[in-house]
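Q: just coords:
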């Protein structure tokens, strides 16, 4: 069993691991338990009734959180000419073409998200083995392969979160900071869960959302009553 620090154990004392708490109460519990010396990230985890090994049960998408993530996101953009200039003006941290590809191949991956114009995908495609496993490969379905590089950069930096189901049907993401107000946290969690529910694939049968839990970076998880987070019961079946 992993060693738990005093802060974690103190926070865990007031949480019944068998109980499912209303979302508003769970948010307050997680925020009050976030006592680290840094501004902890509030994280949501969802267990879904899917098997991502089957293509028709894959769940993936992006959602723009109404209050942002509270995290500074570094964005790399593959573009040339006028589009490269647009990306720089929009606040992209790294902009380039073959030169950027060389940096990445050399192991210098100093960014969190990657955007590319369609004409650059021939260059980006050669980086699949490097970017793919890290979840950094630009994808038109996620809005990261686009001619509107300025819009993509602003969306990513403004609080857009990408999600993808992992083995065992788990999805998790940071949806804000412990310093956010209760209202901001509630809005962000609901927006994230709602986006995942709307991404329900055609191959998903039975109960789609099985469990939802909230935690802070260093704190214990708090299980959430599904009725308090699923809009109109969506995803419960």
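A: Everything's here; your move. Quick caveat, the model's predicted, so the values are computed rather than measured. Numbers count the residues shown, from 1 in each chain.
Q: Could I get the full set of helices for the protein?
A: Using DSSP state H, the helices of the chain run over 6-13, 23-33, 81-89, 98-105, 121-124, 128-131, 149-157, 182-198.
Q: Show me where this structure dips below the pLDDT cut-off.
A: Flagging of the chain using pLDDT under 70 yields the residue ranges 1-14, 232-237.
Q: Now do the buried residues in stretch 99-112.
A: 100-101, 104, 109, 111-112 (16 or more other Cβ atoms under 10 Å). C-betas here are computed from N, CA, C, even on glycine.
Q: Mind putting these into a markdown table with distance to residue 131?
A: Formatted as a markdown table, the buried residues of stretch 99-112 follow (distance: Cβ to Cβ, whole Å):
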| residue | distance to residue 131 |
| --- | --- |
| 100 | 11 |
| 101 | 10 |
| 104 | 7 |
| 109 | 8 |
| 111 | 10 |
| 112 | 12 |
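Q: and which of the residues you listed is nearest residue 92?
A: residue 111 (9.1 Å; Cβ to Cβ).
Q: quick one: the closest one from residue 184, how far?
A: 26 Å (Cβ to Cβ, to the nearest Å).
Q: got a list of what the residue nearest to residue 80 when sequence neighbours are not counted touches?
A: Once flanking residues are discounted, residue 80 sits nearest to residue 97: 5.3 Å by Cβ to Cβ, 6 or more residues apart in numbering. Shown in contact with residue 97 (Cβ atoms under 8 Å, 6 or more residues apart in numbering): 78-80, 84, 120, 123.
Q: quick one, phi/psi of residue 97?
A: For residue 97, the backbone dihedrals (degrees, to the nearest 10) come out as phi -130, psi -110.
Q: Relative to the whole chain's centre, how far out is stretch 134-148?
A: From the chain centre to the centre of stretch 134-148 is a distance of 14 Å (Cα atoms, centre = their mean, to the nearest Å).
Q: which residues are contacting it?
A: Contacts for stretch 134-148 (Cβ under 8 Å, 6+ apart): 60-62, 78, 83, 109, 111, 113-118, 121, 124, 127-128, 131, 152, 155-156, 162, 164.
Q: hang on, the earlier thing: quick check: which of the helices of the chain is nearest to residue 52?
A: When these are compared (using Cβ to Cβ), the closest one is helix 182-198, at 13.1 Å.
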